[in-house]
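# Requesting a structural model of the entry that follows:
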Amino acid sequence: MDMKVNKRQGQFLKDTINQWQQQQLIDAQQAQQLRHSYDVISFDWKLLAVYSFWVAIACFILSVILLIADDYLISLIAKIINTPASILAFFSAMIAAGLFYFGVRRRQRYPQKTVSNEAIFFFGVLITAITSVFLSHTAIALHWRESIFILLPTLIYLIVGIQLYSVLVWLFALIGIGLWVLTETSYLAQNHYLFWGMNIPLRFTIVGILIISASVALKRHSRLFFLQEATLFMGLMYFFNALWMLTIFGNYDSLSAWSHIKQIELWGWSVAMLLVTLSAIYYGIKNNNSLIRAFGIIFLLLCLYSRYFEFFWGTLHKAIFFAVLALSFWIIGSRAEKIWQLGNKN
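Residues are numbered from 1 along each chain as shown. As a prediction, this is how the structure comes out:
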């Protein structure tokens, strides 16, 4: 059976085969065989399936919101809510377990239907979170702090994500880790802005670094390797967003203290972000890591635009500012082109 590829992948394969043929690495017959070994699909049905299931999930959530907004149904739900929270927690836990079980059985039967199988796991994730909410209203858990009710489903997501080989569930576990760190450190700091001398953005740079380090460790475990890219993505998301927030707010202990400073005083964080983003771009290009490279480019531009709005919005004409940026990147591009040409000659 021929391999199915989309148009972008097909163009890449075509260019590669042509280059191999021009360099005489393969002959004309081998090149023709390679060209016939794959089929370019005219429409990406998998992408449509992903969007369709996300729309279906969004519509389901919207239907729940509209259901709650109905007066008659509100009275009906009120009667259900009178049911003890422990019973509601038990039944919702059974439903969540049933969804995960059904998702596994369906994946075994239809392994090619990856998108719809993951969508079923999503509903298991959702019901697990609802179970934690019900648990928080039981008598045994009335005096537990809020972070525990985030930690419990997060631990479940971590275990389920590994055992069921589900990247989607694992991503929700990493999101849960971020929420748990936020609530737990806020509790320990007694709702002050600083925890161990760090405000929320600075804390999340540490979280991001730890998750990125975990993604590196996952490379060494063949069983967990499937989680490596998703873990790296979430680590980069935490780290770069938090670092960008630091360039705006710094590490101040209150909004009132921050409101009395000039943005120029936070130049150190801006320089740090510029160095980090440029390093990420360099590392991504050198090691052919498109994910790190993309984060570096996006947040470099975000950092530059943020500094423009902070420092030059009222003083420097927009055309001049972006012309200077254009010239700077043109010089960088020209130098990179020369280095690339020298590499090809060698």
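
# The stretch 101-250 of the chain: helices as residue ranges?
114-135, 146-163, 167-188, 200-218, 228-249 (DSSP state H, counting those that start in this stretch).

# Reformat the ones you listed as CSV; add mean pLDDT, distance to F299 and mean neighbour count.
No exception for glycine: its C-beta is placed from N, CA and C like everyone else's. Formatted as CSV, the helices of the stretch 101-250 of the chain follow (pLDDT from 0 to 100; distance: least, C-beta to C-beta, whole Å; neighbours: other C-beta atoms under 10 Å):
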stretch, mean pLDDT, distance to F299, mean neighbour count
helix 114-135, 82, 28, 20
helix 146-163, 88, 26, 19
helix 167-188, 86, 18, 19
helix 200-218, 90, 12, 18
helix 228-249, 87, 5, 20
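
# Reformat those helices as TSV; add distance to G10.
Shown next, in TSV, are the helices of the stretch 101-250 of the chain (distance: least, C-beta to C-beta, whole Å):
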stretch	distance to G10
helix 114-135	21
helix 146-163	33
helix 167-188	26
helix 200-218	30
helix 228-249	23
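
# how about these, which one is nearest D27?
Of all those, helix 228-249 sits nearest to D27, with 36.6 Å by C-beta to C-beta.

# Contacts only, for V276.
Contact partners of V276, counting by C-beta atoms under 8 Å, 6 or more residues apart in numbering, are F240, L243.

# Strands of this structure, residue ranges please.
For the chain, the strands defined by DSSP state E occupy 3-5, 38-40.

# who wins for proximity to R35 among the helices of the stretch 101-250 of the chain?
R35 lies closest to helix 114-135 among these, at 27.8 Å (C-beta to C-beta).

# hmm, back to that, closest to G103 out of the helices of the stretch 101-250 of the chain?
That would be, of the helices of the stretch 101-250 of the chain and by C-beta to C-beta, helix 114-135, which comes in at 3.9 Å.

# List of residues touching that closest one?
Under C-beta under 8 Å, 6+ apart, the answer for helix 114-135 is 46, 49-50, 53, 56-57, 85-86, 88-89, 92-93, 95-97, 99-100, 102-103, 106-107, 110, 141, 149-150, 152-153, 156-157, 160, 164, 166-169, 172.

# Which residue is the nearest non-sequential neighbour of T131?
Excluding the flanking residues, the one nearest T131 by C-beta to C-beta, 6 or more residues apart in numbering is S92, at 4.3 Å.

# Could you report the pLDDT at the one you found?
pLDDT for S92: 85.

# Okay, now the unreliable bits of the stretch 1-150 of the chain?
Within the stretch 1-150 of the chain, the stretches with pLDDT under 70 are 1-8, 38-83.

# quick one: contacts for the closest residue to R307 other than its chain neighbours?
With sequence-adjacent residues excluded and distances taken as C-beta to C-beta, 6+ apart, R307 is closest to S270, at 6.0 Å. S270 sits next to T247, C303, R307 when contact means C-beta under 8 Å, 6+ apart.

# Share the number of residues neighbouring the last one, please.
The reference is to R307. Neighbour count of R307, defined by other C-beta atoms under 10 Å: 19.

# for K286, same thing?
K286 has 9 neighbours, counted by other C-beta under 10 Å.

# which non-adjacent residue is nearest L158?
A173 (4.4 Å).

# again but with W20, I slipped
Closest residue in space to W20, ignoring its immediate chain neighbours: I26 at 5.0 Å, by C-beta to C-beta, 6+ apart.

# Report the contact partners of the one you found.
With contact set as C-beta under 8 Å, 6+ apart, I26 has these partners: I17, W20, L34.

# measure the last one to N288 for me?
The span separating L34 from N288 equals 22 Å under the rule C-beta to C-beta, to the nearest Å.

# ok, now the second one?
Going from W20 to N288 by C-beta to C-beta gives 19 Å.

# So between those two, which is more surrounded?
Set side by side, W20 and N288 show more neighbours around W20, with 15 against 8, by other C-beta under 10 Å.

# how about the nearest residue to T154, chain neighbours excluded?
Once flanking residues are discounted, T154 sits nearest to G176: 3.2 Å by C-beta to C-beta, 6+ apart.

# Tell me which residues touch L218, please.
L224, F225, L227, Q228, T231.

# in terms of contact, does the last one touch I211 like I think?
Yes. Contact criterion C-beta atoms under 8 Å: T231 and I211 qualify, at 6.1 Å.

# Common neighbours of the two, please.
Residues touching both T231 and I211 (C-beta under 8 Å, 6+ apart): L174.

# Identify the residues contacting stretch 167-187?
Contact partners of stretch 167-187, identified using C-beta under 8 Å, 6+ apart, comprise 118, 121-122, 124-125, 145-147, 150-151, 153-154, 157-158, 160-162, 195, 200, 203-204, 207, 211, 226-227, 230-231, 234, 238.
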